[in-house]
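Enquirer: Build me a model from this:
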Amino acid sequence: MKILIVFSLAWTFASTGFAQIKLTDWLKPNHCQASVKLTQHDFDFFSRPVVFRSFPLGNPGENQEIAFEKGVWQLNYQTKVPEDRKDALEVELHCKLFKGSAPQTSIAIDFSFDKWWRENYVLMPAAVYNGNRFESRRLRYSPKLLDPRDIGPDKPMIISDIPRLNIKDGPSRIQERSGGMSVPAIGFQSGTTKTGFWLLTQQGTKFGDSGISIEESRNRKKAVISLTVPVVRENTQYFIADNQIASKDRAPDFKTGDEFTLKFRLGFFPAPEIQDLFDRFAEIRKDLSGGTELKASLPFSSCFAVQEAKFNEQNWVEEHGYYSVGDRRNLFSDWQIGWVGGMISTYPLLFAGNETTRNHVIR
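Expert: Got it, this is the predicted structure:
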């Protein structure tokens with residue numbers, strides 16, 4: 001196997017409007033290194049990695065040619081300090097298959113942290129809180145604890161089989177897709193160093209969702225956060241309360257001329273408390289997606305009138321006196337007290353409904 005890395009000056013960097021900041025230099029004070037990893041997968045064996053190699057990043061504004069298996073890739077990246085985030089660094093990484101082919105290949109940028117602690121609070125918005133590092137049980141949906149040994153006020157937090165870092169010894173890894181979070185981002189707060197970190201990226205590329213993952217070393221003193229194009233969860237993936245489903249992700253077969261640009265922002269900041277990690281996320285969460293433009297298409301009052309009529313005509317059970325959740329075709333569309341349960345709808349019906357509706361709710 002031959003591996004070739006060539007650096008050549010591609011353009012005058014100042015003309016791009018980006019500042020000349022080398023990514024590795026920017027990361028170094030925070031005990032972090034960046035590298036590019038190319039991986040060839042085998043879909044027949046659940047996209048397990050067959051061959052992978054990591055390469056150091058060169059200087060911003062340089063074309064970097066990398067020979068990997070049957071192809072030669074051309075990489076270059078640009079960096080700038082955003083006007084609105086002076087403590088952040090914005091990066092655009094451009095990748096192109098210059099020669100040959102790259103069957104079932106993914107391209108990742110890895111951020112390796114040499115000083116890591118098991119106690120670091122890892123956050124992936126709406127998907128992972130504190131690394132989801134809790135006791136877990138593999139239970140079919142809808143997951144409910146059934147073992148009496150797990151039930152009681154003195155028991156620890158127990159979660160279902162969701163992506164999580166290992167609370168015990170052994171492999172510790174989360175493989176997520178950018179579409180699996182409310183915002184494609186990953187961050188952590190270190191109680192030891194009193195600092196925080198955020199990696200924020202765009203929804204995906206022309207090849208679909210990107211992968212966002214974190215993996216800890218055996219002794220939990222190192223960790224690697226990866227941003228991968230496209231998402232290729234190796235061996236297993238998560239699906240409805242089960243983190244052991246056989247992976248269905250297939251890496252693309254790149255052909256000569258295929259290319260993409262990956263854009264992301266990095267930020268380190270003081271974070272004495274875990275709340276500081278959440279506070280910073282609230283500030284930056286739309287930095288790459290942009291603001292949301294609300295389009296008023298239906299007034300809330302009109303919408304409520306439609307909903308109220310629907311509930312009274314289709315959901316009201318006169319015989320027993322309650323609002324069902326759905327059309328009562330099965331147990332789960334009749335009555336629930338869970339997160340989609342009927343009590344969610346009865347309060348607004350009581351608060352804003354007409355006399356008939358309020359009488360129904362009271363009954």
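
Enquirer: which residues does residue 94 contact?
Expert: Contact analysis of residue 94 by Cβ atoms under 8 Å, 6 or more residues apart in numbering lists 75, 76, 77, 259, 260, 261, 262. Bear in mind the C-beta positions are built from the backbone N, C-alpha and C, glycine included.

Enquirer: Output the residues you listed in a markdown table; the columns should cover distance to residue 287 and neighbour count.
Expert: Output for those, formatted as a markdown table (distance: Cβ to Cβ, whole Å; neighbours: other Cβ atoms under 10 Å):
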| residue | distance to residue 287 | neighbour count |
| --- | --- | --- |
| 75 | 24 | 22 |
| 76 | 23 | 20 |
| 77 | 19 | 24 |
| 259 | 25 | 14 |
| 260 | 21 | 19 |
| 261 | 17 | 15 |
| 262 | 16 | 21 |
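
Enquirer: out of those, which one sits closest to residue 104?
Expert: Residue 104 lies nearest to residue 260 out of the contacts of residue 94, by Cβ to Cβ, at 16.1 Å.

Enquirer: returning to what we had before: among the contacts of residue 94, which ones are in strands?
Expert: Members of those lying in strands (criterion: DSSP state E): 75, 76, 77, 259, 260, 261, 262.

Enquirer: I'd say residue 23 and residue 34 touch.
Expert: Yes. Using Cβ atoms under 8 Å, residue 23 is in contact with residue 34, at 5.2 Å.

Enquirer: about what we covered before: closest one to residue 150 out of the contacts of residue 94, please.
Expert: Scanning those for proximity to residue 150, where the rule is Cβ to Cβ, the winner is residue 262, at 42.3 Å.

Enquirer: ok, that closest one touching residue 229?
Expert: Yes. At 5.7 Å, residue 262 counts as touching residue 229 under the criterion of Cβ under 8 Å.

Enquirer: how would you label the nearest residue to residue 117 once chain neighbours are set aside: helix, strand or coil?
Expert: Take residue 117 and drop its neighbours on the chain: the residue closest to it by Cβ to Cβ, 6 or more residues apart in numbering is residue 192, 5.2 Å away. Three-state assignment for residue 192 (DSSP: H, G, I helix; E, B strand; the rest coil): coil.

Enquirer: Could you tell me which residues make contact with residue 192?
Expert: Counting by Cβ under 8 Å, 6+ apart, residue 192 touches 117, 119, 120.

Enquirer: how much space between it and residue 113?
Expert: Distance of residue 192 to residue 113, given as Cβ to Cβ, to the nearest Å: 12 Å.

Enquirer: follow-up on the earlier one: dump the contacts of residue 94 into CSV; add pLDDT and distance to residue 83 as well.
Expert: Shown next, in CSV, are those (pLDDT from 0 to 100; distance: Cβ to Cβ, whole Å):
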residue, pLDDT, distance to residue 83
75, 94, 26
76, 94, 23
77, 95, 20
259, 96, 28
260, 96, 26
261, 96, 21
262, 96, 21
